[in-house]
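**Student:** The sequence and its predicted three-dimensional model are supplied below.
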Amino acid sequence: MEFSTYASVKALHIIFVVSWFAGLFYIVRLFIYHIEAQKKEEVAKKILSDQFEIMEGRLWWIITTPAMILALAFGTTMLVGRPDLLYAPWMQIKLTFVGILLIYHFVCQKIMLDMKKGHFKWKSNGLRLWNELATLVLVSISFLVTLRNEFNWIKGTVGFFAVAIGLMILIKLYKRIRKN
């Protein structure tokens, strides 16, 4: 694949990855608000639940899932144009994270469909933690792709867990602040 074509496909891949992550981050926030709406009085609960179902459905089927499909399509196109990348260790690890992100995506879809049926299996705090998994995947992929072969795996692993612990501490602090 010629460089300008590859660069254009790469730009499109990045645009749709950003859109996919935006949808994943926002959908979980909607889930949290949707679950918290279940504590309201019946009339408010019904109005809010109906509105959240509309918002979740539109976000999921109009933005998030199409962005996922296009991110994967442009990513695959880049790999077809540069199949040698499949042998690079950083790419193999990146593709593992992409697999984790796909599982995350479909778990979110299941949560949305369950809530639409009135099954609220998650608590809002559990979803706040769940939301951080996508953040950790984003951080991991970003560093992996940016640093590639320069990446020191020990520092990377320590950094990964430092970000995870930092996010958990921030969630705990936020929870305390919300209570006060």
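**Tutor:** Nice, I can see it.

**Student:** Please verify my assumption that Met55 contacts Leu30.
**Tutor:** Yes: between Met55 and Leu30 a contact is recorded at 5.7 Å, counting by CB atoms under 8 Å. Every residue, glycine included, has its C-beta placed from N, CA and C.

**Student:** what about those two, which has more around it?
**Tutor:** More neighbours surround Leu30 than the other of Met55 and Leu30, with 19 against 15 (other CB atoms under 10 Å).

**Student:** where's that one, which helix or strand?
**Tutor:** Using DSSP states H and E, Leu30 sits in helix 3-37.

**Student:** From the contact counts, what lies against that helix?
**Tutor:** helix 42-58, helix 65-81, helix 89-116, helix 124-147 (3 or more CB pairs under 8 Å, 6 or more residues apart in numbering; DSSP states H and E).

**Student:** Can you give me the buried ones in it?
**Tutor:** 9-10, 12-13, 16-17, 19-21, 23-24, 26-28, 30-32, 34-35, 37 (16 or more other CB atoms under 10 Å).

**Student:** try stretch 110-128
**Tutor:** Quick answer for stretch 110-128 (16+ other CB under 10 Å): 111-112, 115, 120, 122, 124, 127-128.

**Student:** outside of that stretch, which residues touch it?
**Tutor:** Applying CB atoms under 8 Å, 6 or more residues apart in numbering, the contact partners of stretch 110-128 are 27-28, 31-32, 34-36, 38, 52-53, 56-57, 60, 130, 171, 175.

**Student:** Also stretch 167-180?
**Tutor:** Against stretch 167-180 from outside (CB under 8 Å, 6+ apart): 125, 128-129, 132, 135-136.
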